[in-house]
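*Asks:* sequence first, predicted model second:
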Amino acid sequence: MMHADTLILRAKQGDQHAQGRLVQLWYKRIYNFCFKFFQDHDLAMEVTQKTFIAMCKSLPALQDVLRFKSWLYTIAVNYCREEARKTKNKKAVSFDLVVNPESEQSPNWEGTSLRHDNPEKVYQSRELSDILQRALCMISAEQKEVVIMKEYEGMKFREIAEVLNISENTVKSRLYYGLDALKKILTSKNINKETVHYEI
């Protein structure tokens, strides 16, 4: 997602219309990141709102407009971590809910790309996506951040390294171990492409 430098520069100078436009352009993407992090709509909304409030207040301090994307994600990640510390141990995710998601609020499917028009295929793809996203809540926060950014947000290793202030090799390592952990979680519960009746 690209923005004209002038839009960010105007926002930096306090142009509220430009700031509002930036929020419109990035809101859905930041919300989706936060939702995948928490699997909770209210927490995702709260962190997203905090992120954009902080964005508007801190924009004047942004030195390089070309770093806007990584800068914005850094704000979001920091608020996600802060909220996660507050809610730690308050709400544990049981894998019984992973394999029986009907008992919980369904995630926001807006923007999800489904490859099949067949209703049964659509349901199965959603079922698999639901299981995978809930399994994300069972791996370490460090691994989860990287997996979401790389596999869901499509960010480059360089961008993720910049957001998290770590080396690209560390990003690759966390991604490898995160994906491996997810695979082990799903395998241990006999959840695979046969279980969900959908070809991964």
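*Replies:* That came through, no problem.
*Asks:* report the contact partners of L132.
*Replies:* Shown in contact with L132 (C-beta atoms under 8 Å, 6 or more residues apart in numbering): 182, 186. The C-beta positions use only the backbone N, C-alpha and C, and glycine is treated the same way.
*Asks:* helix, strand, or coil at it?
*Replies:* helix (DSSP: H, G, I helix; E, B strand; the rest coil).
*Asks:* pLDDT below threshold where in the chain?
*Replies:* Judged by pLDDT under 70, the chain has its weakly predicted residues at 1-3, 88-129, 191-200.
*Asks:* which residues in the protein form helices?
*Replies:* For the chain, the helices defined by DSSP state H occupy 5-12, 16-38, 41-58, 68-87, 95-99, 119-136, 141-147, 157-164, 168-188.
*Asks:* tell me the most buried of those?
*Replies:* Mean neighbour count (mean count of other C-beta atoms under 10 Å) peaks for helix 141-147 among the helices of the chain, with a mean of 21.
*Asks:* now do that one: distance to the chain's middle.
*Replies:* 9 Å (C-alpha atoms, centre = their mean, to the nearest Å).
*Asks:* need the contact partners of it.
*Replies:* 37, 77, 80-81, 84, 136-137, 139, 160, 164, 171, 174-175, 177-179, 181-182.
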